[in-house]
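K.L.:
Task: produce atomic coordinates for the following.
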Amino acid sequence: MELSQFIDFSDYWSVSKFILFTFFIIFLRYVFISVIFIVVFEILLKEKYVQRKISKSLKQPTQRKKEILWSILTSFIFSVSGTAMIYLYSINKTSLYLTFSIHDIWYIPLSFCIALLLHETYYYFLHRFMHHPKVFKHFHKIHHDSIVTSAWTAFSFHPYESILQAVIIPIVVIWLPLHVYVLLFLLILMSISATINHLDIEIYPKWMLKTGIGKWLIGASHHSLHHRYYTKNYGLYFTFYDRWLKTESDDFETLLHKKIYAGSERSNSSTTS
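P.N.:
Next comes the predicted model:
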């Protein structure tokens, strides 16, 4: 199937329609993932996860509306970035590929890990830059207006921040060979991870804490402390940069342990009584 069937980069109207189509896909993905997490953890499994709720204070009355409006702008900027990436692909300026070969058995997981590490590195240092006092109010304050976060906070960014977040993936695919399916999986993972981080409910299972994995993956416990303290916990997927560069909150492991075991401790106390 030829790319020219979907978009003609020499035609302004064709490009505009494609950007609009991509915008709807990205925004609907954001809404769909947010709704799924809200329905599962705040409605269907509310009783099970009520003790895993991070913040006790209430969200601001107009917070959801503002978050969704900012997310519309973010989705549009991401759609422009995605269209630009497709344009680069159309003129053979990316390293994206569609075919499979025997070496992909090992290269696909390796390339995914490399892309994830590059994204983590970029985001960690970008995030610290956006917290510089002279930069914060122009780039990152909008996101921190959501002190008590929710699934809707995941895409709530000022356009300046959205642009900075949008450029990294097109840059990565220019030089790093990635299968298109790896790229799609990475984009979906980014949305799911952002939703988990902002859900304000610790959803990771107990076995992750027992094996130590939970201490290295960022979830609601880790990121809620960033929204509380501002200058702690800058990571995106993993905690290792925060640990190595001494920017991880001292409260993280205590909060993580408390929330992951909250449900079982509640059950045990009710049983013994």
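K.L.:
C-alpha from now on. contacts and neighbour counts both.
P.N.:
Fine.
K.L.:
would you list every one of the helices in this protein?
P.N.:
12-38, 46-49, 63-90, 104-130, 133-139, 141-144, 159-166, 168-175, 180-198, 206-210, 220-229, 240-244, 252-260, 262-272 (DSSP state H).
K.L.:
Out of those, which gets nearest to Leu98?
P.N.:
helix 180-198 (5.9 Å; Cα to Cα).
K.L.:
relative orientation of that closest one and helix 104-130 in degrees?
P.N.:
40 degrees (axes from the mean of the first three to the mean of the last three Cα atoms, to 10 degrees).
K.L.:
Can you name every helix or strand that helix 180-198 contacts?
P.N.:
helix 12-38, helix 104-130, helix 220-229 (3 or more Cα pairs under 8 Å, 6 or more residues apart in numbering; DSSP states H and E).
K.L.:
can you put those in JSON lines and add mean neighbour count?
P.N.:
Output for the helices and strands packed on helix 180-198, formatted as JSON lines (neighbours: other Cα atoms under 10 Å):
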{"stretch": "helix 12-38", "mean neighbour count": "17"}
{"stretch": "helix 104-130", "mean neighbour count": "16"}
{"stretch": "helix 220-229", "mean neighbour count": "23"}
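K.L.:
export those helices to JSON lines and tack on distance to Glu67 and mean pLDDT?
P.N.:
Formatted as JSON lines, those follow (distance: least, Cα to Cα, whole Å; pLDDT from 0 to 100):
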{"stretch": "helix 12-38", "distance to Glu67": "11", "mean pLDDT": "97"}
{"stretch": "helix 104-130", "distance to Glu67": "19", "mean pLDDT": "97"}
{"stretch": "helix 220-229", "distance to Glu67": "15", "mean pLDDT": "94"}
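K.L.:
now the ones you listed as a markdown table including distance to Ile203?
P.N.:
Below are these laid out as a markdown table (distance: least, Cα to Cα, whole Å):
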| stretch | distance to Ile203 |
| --- | --- |
| helix 12-38 | 10 |
| helix 104-130 | 21 |
| helix 220-229 | 8 |
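K.L.:
Out of the ones you listed, the one nearest Val180 is which?
P.N.:
helix 104-130 (10.3 Å).
K.L.:
returning to what we had before: so can I have a markdown table of the helices of the chain showing distance to Leu98?
P.N.:
Shown next, in a markdown table, are the helices of the chain (distance: least, Cα to Cα, whole Å):
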| stretch | distance to Leu98 |
| --- | --- |
| helix 12-38 | 20 |
| helix 46-49 | 41 |
| helix 63-90 | 11 |
| helix 104-130 | 11 |
| helix 133-139 | 36 |
| helix 141-144 | 36 |
| helix 159-166 | 23 |
| helix 168-175 | 13 |
| helix 180-198 | 6 |
| helix 206-210 | 35 |
| helix 220-229 | 35 |
| helix 240-244 | 33 |
| helix 252-260 | 41 |
| helix 262-272 | 45 |
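K.L.:
Alright, that wraps it up for me.
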